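>>> After the sequence you'll find the predicted model.
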Amino acid sequence: MWELIQANRRKSMLLFIAMGIALVLLGYLIGSYFIPNGGGFFGIIAALFIWFILSLVSYYSGSSILLSISNAKEVTPEVHQQLFNIVDEMRIAANLPKMPKVYIINEEAPNAFATGIKPENSAITVTAGLLSKLNRDELQGVVAHEMSHIVNRDILLMTFAGIMLGSIVLISEVFLRGLWSSSGSSDRYRSRSSSDSGQGQMIIMVIAIVFAILAPILAQLLYFAISRRREYLADANGARLTRYPEGLASALEKISSTNLDLRSANKVTAPMYIVNPLKKKGMKLSDLTSTHPPTSERIRILRSMAGGAGFINYQQAFNMVKGNKSQIIPNSGLGESAPVEIRNASEAKEAPGKISEKRTLGDLMMTVSNFSFIVCACGLKIKVPPQYKEASITCPRCGRKNDIPYNEIAAATALAKGMKV
């Protein structure tokens, strides 16, 4: 497995280096425009400095920032025991040394993503909508896909590639906005054009402007290429970990057929989700401008895996669906010795119906928000918000007073975060 990770990393690193070259060239051209003599060197230093600072912030605080802007809340097994069981199963199957932390986003749209620069400090995040819509096999497929991103070290490379992309976009936008809005730009240009080096400076200016416009576009296409390739590989490894490709295929089908609009998602976090959360239902995105491969294509590949759930089976299905001989799985993965047999579906095959799904979703979202649940003697289920400070509550149906018990879930969640209870 380590050879597979290394081979995948080497190919992605070539694209990463190409983004680095674009960043250096952009810095050089902008520096040469503002300082004709030796400014290119200072431009390169400035560009690399910006990237270095952003990378440091990302490395040490990237995961917490992503989880925070996604409104994800860390939960304990009491909130959803089945989810924790599945995460632990896939951790063991993937030979991950430490159990990832588990987070839930209180939104109805089904989706999931993984974070963590290192496998020893990782997290898997799912939405409440995902937990309410999927059965056990489907949820296992999604968790296995995200676990694969952690094991394959995808998150580290994607984080730094995203930071490099952000640096290129930031430098380009500052340069272009400053160029057009600067009142002295025309005077500066006239003074240069009157000198002996005026013609050379004019050429550098044109090249700098063109490259400042094109560099973010080219870098974004490279970033998308890295992201799409790693989604394919995570699908392949996820099917291998579960030994049940249909689970992931069915999960992708359910996710893509619902409203994907996540209020907490943005262009920074979108590439990390299993399905693009910014894509509206029924909307088609070009392969060149999407962070993810077409979901329908991913489903067809998974359902075309015949004779096993191994890497070689995924590669054969990939070639058949794509109609070409592109190699998505490195040779080290294709050379695995033992075949991986497809298992049977688990007994709990059916997902909850619409009414049960809504009820489950509502209860789960309230549980994540630290609501207390009290069942009155008359049978009414009372949901008490965490901000309710009274020791008892009156049942609206029968008028009985019910004592509010100690909220064990809220206390356990607070303890997990190091808070006093």
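Structure's in. What do you need? Numbering: from 1, shown residues only.

>>> nearest spatial neighbour of Leu130, skipping sequence neighbours?
Leaving aside its chain neighbours, Leu130 sits nearest to Pro110 (4.0 Å; criterion: C-beta to C-beta, 6 or more residues apart in numbering). Using the backbone N, CA and C atoms, a C-beta is placed for each residue, glycine as well.

>>> Remind me which helix or strand the one you found belongs to.
When secondary structure is defined by DSSP states H and E, Pro110 falls outside every helix and strand.

>>> can you count the residues close to it?
For Pro110, the count of nearby residues is 29 (other C-beta atoms under 10 Å).

>>> the strands in this protein, which residues?
Here the chain has its strands, by DSSP state E, at 72-74, 101-105, 112-115, 123-127, 372-375, 381-384, 392-394, 401-403.

>>> Including distance to Ile50, mean pLDDT and mean neighbour count, could those go into CSV?
Listed next are the strands of the chain as CSV, based on distance: least, C-beta to C-beta, whole Å; pLDDT from 0 to 100; neighbours: other C-beta atoms under 10 Å:
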stretch, distance to Ile50, mean pLDDT, mean neighbour count
strand 72-74, 28, 91, 19
strand 101-105, 30, 94, 22
strand 112-115, 23, 92, 26
strand 123-127, 28, 95, 25
strand 372-375, 48, 79, 15
strand 381-384, 49, 80, 14
strand 392-394, 55, 87, 13
strand 401-403, 58, 86, 12
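
>>> so how far is Tyr232 from the residue nearest to Leu130?
Distance check for Pro110 against Tyr232: by C-beta to C-beta, to the nearest Å, it reads 21 Å.

>>> try Gly31
39 Å.

>>> Equivalent analysis for Val368, please.
32 Å.

>>> same thing with Val340?
Taken as C-beta to C-beta, the span from Val340 to Tyr232 is 17 Å.

>>> How about Tyr273?
15 Å.

>>> go on, Pro245?
Distance from Pro245 to Tyr232, by C-beta to C-beta: 13 Å.

>>> Compare the two and say which is more crowded by neighbours.
Per other C-beta under 10 Å, whichever of Pro245 and Tyr232 has more neighbours is Pro245, with 27 against 21.

>>> For that one, give me its contacts.
Gly141, Ala239, Leu302, Arg303, Met305, Ala309, Ile342 (C-beta atoms under 8 Å, 6 or more residues apart in numbering).

>>> Buried ones in stretch 86-106, by neighbour count?
Using 16 or more other C-beta atoms under 10 Å as the test for burial, stretch 86-106 gives 86-91, 93-94, 96, 100-106.

>>> now do stretch 202-215
Neighbour counts over stretch 202-215 (16+ other C-beta under 10 Å) mark Ile204, Met205, Ala208, Ile209, Phe211, Ala212, Ala215 as buried.

>>> which residues touch the closest residue to Tyr59 other than its chain neighbours?
Leaving aside its chain neighbours, Tyr59 sits nearest to Ile117 (6.0 Å; criterion: C-beta to C-beta, 6+ apart). Going by C-beta under 8 Å, 6+ apart, Ile117 touches Tyr59, Gly62, Ser63, Ile155, Leu156, Thr159.

>>> Check the gap between the first one and Leu156 for me.
This points to Tyr59. From Tyr59 to Leu156 the distance is 9 Å (C-beta to C-beta).

>>> the more surrounded of the two?
Remark: of Tyr59 and Leu156, Leu156 carries more neighbours, 18 against 15, as counted by other C-beta under 10 Å.

>>> Excluding sequence neighbours, find me the nearest residue to the more buried one.
Nearest non-adjacent residue to Leu156 (C-beta to C-beta, 6+ apart): Ile117, at 5.2 Å.

>>> mind checking pLDDT for that neighbour?
Looking at Ile117, its pLDDT is 79.

>>> Next: Val151.
89.

>>> count of residues packed around it?
For Val151, the tally of surrounding residues (other C-beta under 10 Å) stands at 24.

>>> Repeat that for Pro77.
Neighbours of Pro77 (other C-beta under 10 Å): 15.

>>> any idea how far the residue lying closest to it once chain neighbours are set aside is from Gly238?
Nearest non-adjacent residue to Pro77, counting by C-beta to C-beta, 6+ apart: Phe84, 4.3 Å away. Phe84 sits 18 Å away from Gly238 when distances are taken as C-beta to C-beta.

>>> Comparing the two, which shows the higher neighbour count?
Taking neighbours as other C-beta under 10 Å, Phe84 and Gly238 compare with Gly238 leading, 30 against 16.

>>> where along the stretch 201-350 of the chain do the helices fall?
245-256, 295-303, 311-322, 331-334 (DSSP state H, counting those that start in this stretch).

>>> got TSV for those, with distance to Phe16 too?
Shown next, in TSV, are these (distance: least, C-beta to C-beta, whole Å):
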stretch	distance to Phe16
helix 245-256	27
helix 295-303	24
helix 311-322	23
helix 331-334	20
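
>>> Deepest in the core, which of the ones you listed is it.
The highest average neighbour count among the helices of the stretch 201-350 of the chain, using mean count of other C-beta atoms under 10 Å, belongs to helix 245-256 at a mean of 23.

>>> angle of it against helix 311-322?
50 degrees (axes from the mean of the first three to the mean of the last three C-alpha atoms, to 10 degrees).

>>> hmm, back to that, among the buried residues of stretch 202-215, which one sits closest to Leu54?
Nearest to Leu54 among those is Ala215, at 16.4 Å by C-beta to C-beta.

>>> Met305: what's it in contact with?
Per C-beta under 8 Å, 6+ apart, neighbours of Met305: Ala239, Pro245, Asn313, Tyr314, Gln316, Ala317, Ile342.
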